[in-house]
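J.: pasting the sequence and the predicted coordinates here, then a few questions.
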Amino acid sequence: MNEDENENQPTVRIQIKDDYKDPMITMARSLKQSGNSDLAEIILQDKARMEKNVPKLIEKLGNQEVSDAVDLIREREYHSKSGYRGNGNLEKSIKKKISDDKLSVDVFPTALSSDGKGKSSGGYPYGSAFEHGLKSKDYPAQHPMRDSGRDLDVDTYTDEMLKNSIK
């Protein structure tokens, strides 16, 4: 399975818009034109720090989301009423993919169910089945990706990034 072909997989996307750049440039230009070159330079330095720190923020948020999703999978997969004990493939399959512009990250499972012989090459997307359930097998939905995405504390990480960027 190609990691880019995860449209059927539950995916948490964390995205930052870079719409702060133009207003900061406009503000700096205006300050410089009104004789406040020092303040304009500070604004441009803050912008440069933000451009440097946003990709770090995306990386941290992606790592945290992977960790949180894995924790929920462990909690829910290994504590089911059926007594099922997973082999760890689902939790090990949680991947993150950072966009080329480093303004977003997708976190998703890539695990496939086994074919009954221990091979996972021909099975259905197990991460999707675990997230959404399977009516044909009376397999209830667990929603670890949805819940970990909802619980991710983006504000704390964003506040830290802003504090490190705006001086």
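T.: Nice, I can see it.
J.: mind listing what residue 145 touches?
T.: For residue 145, the contact set (Cβ atoms under 8 Å, 6 or more residues apart in numbering) comprises 10-12, 69, 107-109, 127, 131. Placement of C-beta: from N, CA and C, glycine included.
J.: those in helices, which ones?
T.: 69, 127, 131 (DSSP state H).
J.: out of these, who's nearest residue 99?
T.: Minimum distance to residue 99 across the ones in helices among the contacts of residue 145 is 18.7 Å, recorded for residue 69 (Cβ to Cβ).
J.: now stretch 150-162: mean pLDDT?
T.: Averaged across stretch 150-162, the pLDDT comes to 92.
J.: buried set for it?
T.: Neighbour-count burial for stretch 150-162 flags 152, 157, 161 (criterion: 16 or more other Cβ atoms under 10 Å).
J.: what's the closest of these to residue 52?
T.: Nearest to residue 52, judged by Cβ to Cβ, of the buried residues of stretch 150-162 is residue 161 at 10.0 Å.
J.: summarise which helices and strands the helix or strand hosting the closest one is packed against.
T.: Using DSSP states H and E, residue 161 maps to helix 154-165. In terms of contacts (3 or more Cβ pairs under 8 Å, 6 or more residues apart in numbering; DSSP states H and E), helix 154-165 is packed against helix 37-77.
J.: which SSE is immediately downstream of the helix it packs on?
T.: Next helix or strand after helix 37-77 toward the C-terminus (DSSP H and E): helix 89-92.
J.: pull the residues that contact that next one.
T.: If you take Cβ under 8 Å, 6+ apart as the criterion, helix 89-92 is touched by 70, 73-74, 77, 109, 111, 120, 126-127, 130.
J.: when you compare pLDDT across those, which one is lowest?
T.: residue 120 (52).
J.: might one say that residue 49 is in contact with residue 163?
T.: No: using Cβ atoms under 8 Å, residue 49 is not in contact with residue 163; the gap is 10.5 Å.
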